[in-house]
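Novice: Sequence first, predicted coordinates after that:
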Amino acid sequence: MNVISVRVTDEEREILEKAKAVYGCGISTLLKRVTFEKLEDDFDLKLIKNYEEKRKNNTIEVMDIDDFWEEVGF
């Protein structure tokens, strides 16, 4: 397992200490959890933005579910 160091101010450390109590985990787990949740949220928002742009431009492709399953090999 790799180790990544993050430098924080005293104020930031205090905030992290309070947040770890709310989340019920250590600071390392808290930072990983929040980081990956943020990345996932940003990716989801990008997908939504892409969908909304295609919808606005009437370029959304839809497919019958049976055709979809056939195309993916089920």
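Specialist: Structure's in. What do you need?
Novice: distance of the most centrally placed residue in the chain from Gly26?
Specialist: For the chain, the residue lying nearest the average C-alpha position, counting by CA atoms, centre = their mean, turns out to be Glu40 (0.9 Å). Distance of Glu40 to Gly26, given as CB to CB, to the nearest Å: 21 Å. All C-beta atoms are positioned from the backbone trio N, CA, C, and that covers glycine.
Novice: So what's the gap between the top helix by length along the chain and the chain middle?
Specialist: Among the elements of type helix in the chain, defined by DSSP state H, the one spanning the most residues is helix 27-56. A distance of 4 Å separates the C-alpha centroid of helix 27-56 from that of its chain, computed with CA atoms, centre = their mean, to the nearest Å.
Novice: what packs against it?
Specialist: If contacts are counted by 3 or more CB pairs under 8 Å, 6 or more residues apart in numbering; DSSP states H and E, helix 27-56 sits against helix 10-23.
Novice: The helix it packs on versus helix 27-56: what angle between them?
Specialist: Angular relation of helix 10-23 and helix 27-56 on a 0 to 180 degree scale: 80 degrees, by axes from the mean of the first three to the mean of the last three CA atoms, to 10 degrees.
Novice: Can you show me the CA trace of helix 10-23 as PDB?
Specialist: What follows is helix 10-23, C-alpha atoms only, in PDB (Å, rounded to 0.1, in the frame of the first residue of the first chain):
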ATOM      1  CA  ASP A  10      -3.400  23.900  12.300                       C
ATOM      2  CA  GLU A  11      -6.900  25.200  11.400                       C
ATOM      3  CA  GLU A  12      -7.300  22.600   8.700                       C
ATOM      4  CA  ARG A  13      -6.200  19.900  11.000                       C
ATOM      5  CA  GLU A  14      -8.700  21.000  13.600                       C
ATOM      6  CA  ILE A  15     -11.500  20.900  11.000                       C
ATOM      7  CA  LEU A  16     -10.400  17.400   9.900                       C
ATOM      8  CA  GLU A  17     -10.400  16.200  13.600                       C
ATOM      9  CA  LYS A  18     -14.000  17.400  14.000                       C
ATOM     10  CA  ALA A  19     -15.000  15.900  10.600                       C
ATOM     11  CA  LYS A  20     -13.500  12.500  11.500                       C
ATOM     12  CA  ALA A  21     -15.800  12.400  14.500                       C
ATOM     13  CA  VAL A  22     -18.800  13.100  12.400                       C
ATOM     14  CA  TYR A  23     -17.900  10.400   9.900                       C
END
